[in-house]
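Chemist: Build the 3D model from these lines:
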Amino acid sequence: MSENRSATLCLDGLSRQFPLLEGTIGPDVMDMRALSQKTGVFSFDPGLGSTATCTSAISYIDGDKGVLLHRGYPIEDLALNASFTETAYLLLYGELPTAAQYQAFSKDMNTHRLLNEQIRNFFNGFRRDAHPMAILCGTVGALSAFHHDGLDISQPEARDLSARRLIAKVPTIAAWAYKYSIGEPFIYPDEEMSFSENFLHMLFARPGNHYRVNPVLARAMDRILLLHADHEQNASTTTVRLVGSTGANPYACIAAGIAALWGPAHGGANEAALGMLESIGSRDGIPAFLNEVKNRNSGVRLMGFGHRVYKNFDPRAKILQATCHEVIEELGLKRDPLLDLAMELERVATEDDYFVSRRLYPNVDFYSGLILKALGIPKSMFTVLFAVARTVGWVSQWKEMIEEPSVRISRPRQLYIGAAERSFVPMSERS
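Modeler: Prediction:
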């Protein structure tokens, strides 16, 4: 990180110099840490859209060019050539694993999949109709009560142990949350299966009924998880870092990330896209629906198209677009009315100058929702699947933050707009 240059800020006729920090790629950043000391004012940036809150070497996004890099590797290369477990190792440790490293990492992760048997009792405390995200959030936060040996975050070995445990155990909790919601027995993890095979097995297997994991579906699940593993400093990742800056244990930090992801403006986008398709109803309803979208006063939005960050095609969507068609072909779902509607909406919208000129292309949420539906996963589990994938990014970002020598507790400032100081009035004198 270079800081050989500076920027000048003029305020009330006076000029102050602030260092310009230069990263590997991307925009330079003005170092504003001394802003209040030099000027007596704070910056105002609701949503932090123009503020860098940390340094990171994990992920990089260029929204204008449609680029997403993990540790320097394009997301397309990873999705087509690496597994989710391989990508998890890359995010955690900065380099792709050798064959020996991959084998050792996979074996270690597999052994951590099993939950303490007492955790089964947690599920009985929830109503059967509880949202799976509520179960996931509560149970992940409680893991710290069972794993005291990884809570000393000042020790590298403890941090690494907790990171691996979280990546391995969150899918088991997620699958059990689903099983609990439908009243089926829990399926224990299988250490001989890959990450995605095991997850599908825990979701859909039943005692006494052998479940064969379809390799096409396992590959689709692996890609969904890989493509959602990390996405720079989004709301939930920032939440994990903020909570982590207090020194909180890693399980509490990831539970906080899950809570942030639960918001419909963040992790629920693929569920919203599927809901939109259900509201359209059929192919015949597409023209009227798109006309409503074009009417700015209608309040109707085209869900699953466009992205706040990407001003071009979402690079993850390109991969899932092909994967979606693979799954539909494998399962013989071409005649499924909702999937047929989705494919037609995709075709019409991507040929319409109104949407093309505004760069409203299908994003990762549009295709991931369709794939998950085709796999037989209910909408209530969509955000849970997102959390399973993003746990890898969260623990990587948490680990990177803790290992940063200059880490400080996050303490944002505010623009106060309440009452000025005033005198207390006794109740008897108040009108």
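Chemist: Could you pull up the mean pLDDT of the top helix by length along the chain?
Modeler: Longest among the helix segments of the chain by residue count, using DSSP state H, is helix 156-182. Helix 156-182 carries an average pLDDT of 97.
Chemist: Over to stretch 48-66?
Modeler: The model assigns stretch 48-66 a mean pLDDT of 91.
Chemist: ok so, going back, what's the longest helix of the chain packed up against?
Modeler: Packed against helix 156-182, as judged by 3 or more Cβ pairs under 8 Å, 6 or more residues apart in numbering; DSSP states H and E, are the following elements: helix 99-111, helix 120-124, helix 132-142, helix 195-204, helix 250-261, helix 382-402. C-beta coordinates here come from the backbone N, C-alpha and C atoms, glycine included.
Chemist: Compute the inter-axis angle for that helix and helix 132-142.
Modeler: 150 degrees (axes from the mean of the first three to the mean of the last three Cα atoms, to 10 degrees).
Chemist: can you pull the buried residues of helix 156-182?
Modeler: 158-181 (16 or more other Cβ atoms under 10 Å).
Chemist: Quick check: phi and psi at residue 411.
Modeler: phi -150, psi 80 (degrees, to the nearest 10).
Chemist: Which parts of the chain are strands?
Modeler: 2-11, 14-22, 29-30, 59-62, 67-70, 73-74 (DSSP state E).
Chemist: How far does stretch 387-401 sit from its chain's centre?
Modeler: 9 Å (Cα atoms, centre = their mean, to the nearest Å).
Chemist: circling back to that earlier point, nearest to residue 251 among the strands of the chain would be which one?
Modeler: Each of the strands of the chain has some distance to residue 251 by Cβ to Cβ; the shortest is strand 59-62, at 22.8 Å.
Chemist: Give me the contacts around the closest one.
Modeler: The list of residues contacting strand 59-62 from outside it, by Cβ atoms under 8 Å, 6 or more residues apart in numbering, reads 24-26, 67-72, 91, 230-232, 309-310, 393.
Chemist: Residue 395 - nearest residue in space that isn't next to it in sequence?
Modeler: residue 163 (4.2 Å; Cβ to Cβ, 6 or more residues apart in numbering).
Chemist: correction: residue 115
Modeler: In space, residue 115 is closest to residue 172, 5.5 Å off (Cβ to Cβ, 6+ apart).
Chemist: Residue 231 versus that neighbour, what's the distance?
Modeler: 24 Å (Cβ to Cβ, to the nearest Å).
Chemist: same thing with residue 127?
Modeler: Taking Cβ to Cβ, one finds residue 127 at 32 Å from residue 231.
Chemist: ok so, going back, same list, the strands of the chain, but as a markdown table with mean neighbour count please.
Modeler: A markdown table is the format used below for the strands of the chain (neighbours: other Cβ atoms under 10 Å):
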| stretch | mean neighbour count |
| --- | --- |
| strand 2-11 | 11 |
| strand 14-22 | 14 |
| strand 29-30 | 18 |
| strand 59-62 | 19 |
| strand 67-70 | 21 |
| strand 73-74 | 14 |
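Chemist: Reformat those as a markdown table; add distance to residue 343.
Modeler: Shown next, in a markdown table, are the strands of the chain (distance: least, Cβ to Cβ, whole Å):
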| stretch | distance to residue 343 |
| --- | --- |
| strand 2-11 | 48 |
| strand 14-22 | 45 |
| strand 29-30 | 42 |
| strand 59-62 | 28 |
| strand 67-70 | 25 |
| strand 73-74 | 27 |
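Chemist: just so I know, which of these lies nearest residue 263?
Modeler: Nearest to residue 263, of the strands of the chain and by Cβ to Cβ, is strand 59-62 at 20.1 Å.
Chemist: looking at it, residue 83 is touching residue 195, isn't it?
Modeler: Yes. If you go by Cβ atoms under 8 Å, residue 83 and residue 195 touch, sitting 7.4 Å apart.
Chemist: which of those two has more neighbours?
Modeler: Neighbour count, other Cβ atoms under 10 Å: between residue 83 and residue 195, residue 195 has more, with 24 against 20.
Chemist: number of nearby residues for the nearest residue to residue 413 once chain neighbours are set aside?
Modeler: Distances taken as Cβ to Cβ, 6+ apart put residue 42 closest to residue 413, at 4.6 Å, once the chain neighbours are dropped. Number of residues near residue 42 (other Cβ under 10 Å) recorded here: 13.
Chemist: wait, what's in contact with residue 42?
Modeler: Applying Cβ under 8 Å, 6+ apart, the residues near residue 42 are 35-36, 413, 415.
Chemist: Closest to residue 202 out of those?
Modeler: residue 413 (45.3 Å).
Chemist: What is the neighbour count of the closest one?
Modeler: Counted with other Cβ under 10 Å, residue 413 comes out at 10.
Chemist: so what's the backbone phi/psi at it?
Modeler: phi -110, psi 180.
Chemist: Residue 105: what's it in contact with?
Modeler: 85, 89, 97.
Chemist: State the pLDDT value of it.
Modeler: With respect to pLDDT, residue 105 has a value of 97.
Chemist: And residue 348, how close does it get to residue 381?
Modeler: 29 Å.
Chemist: pLDDT on stretch 419-428, on average?
Modeler: On average, stretch 419-428 scores 96.
Chemist: end to end, how far does it reach?
Modeler: Using Cα to Cα, to the nearest Å, one end of stretch 419-428 lies 22 Å from the other.
Chemist: swap in stretch 280-299?
Modeler: So stretch 280-299: terminal residues 15 Å apart, Cα to Cα.
Chemist: Likewise for stretch 198-214?
Modeler: 12 Å.
Chemist: So which bits of that stretch are buried?
Modeler: Buried, per 16+ other Cβ under 10 Å, within stretch 198-214: 198-205, 213-214.
Chemist: So of those residues, which two are at opposite extremes in space?
Modeler: Maximum distance among the buried residues of stretch 198-214 (Cβ to Cβ): 15.1 Å, for 202 and 214.
Chemist: Under the pLDDT cut-off, which ranges of the chain? List them.
Modeler: Scanning the chain with the threshold set as pLDDT under 70 gives 1-3.
Chemist: any chance you could map the helices in the stretch 251-400 of the chain?
Modeler: Remark: helices assigned in the stretch 251-400 of the chain by DSSP state H, counting those that start in this stretch are 269-280, 286-294, 315-331, 337-350, 353-357, 364-374, 382-402.
Chemist: Report how many residues lie close to residue 35.
Modeler: 18.
Chemist: quick one: stretch 394-405 to chain centroid distance?
Modeler: For stretch 394-405, the distance to the chain centre is 16 Å (Cα atoms, centre = their mean).
Chemist: Buried residues of that stretch, list them for me.
Modeler: For stretch 394-405, by 16+ other Cβ under 10 Å, it's 394-402.
Chemist: Over to stretch 325-334?
Modeler: 326-328, 331.
Chemist: As TSV, these with distance to residue 274 would be great.
Modeler: Compiled in TSV, those are given as follows (distance: Cβ to Cβ, whole Å):
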residue	distance to residue 274
326	19
327	15
328	15
331	17
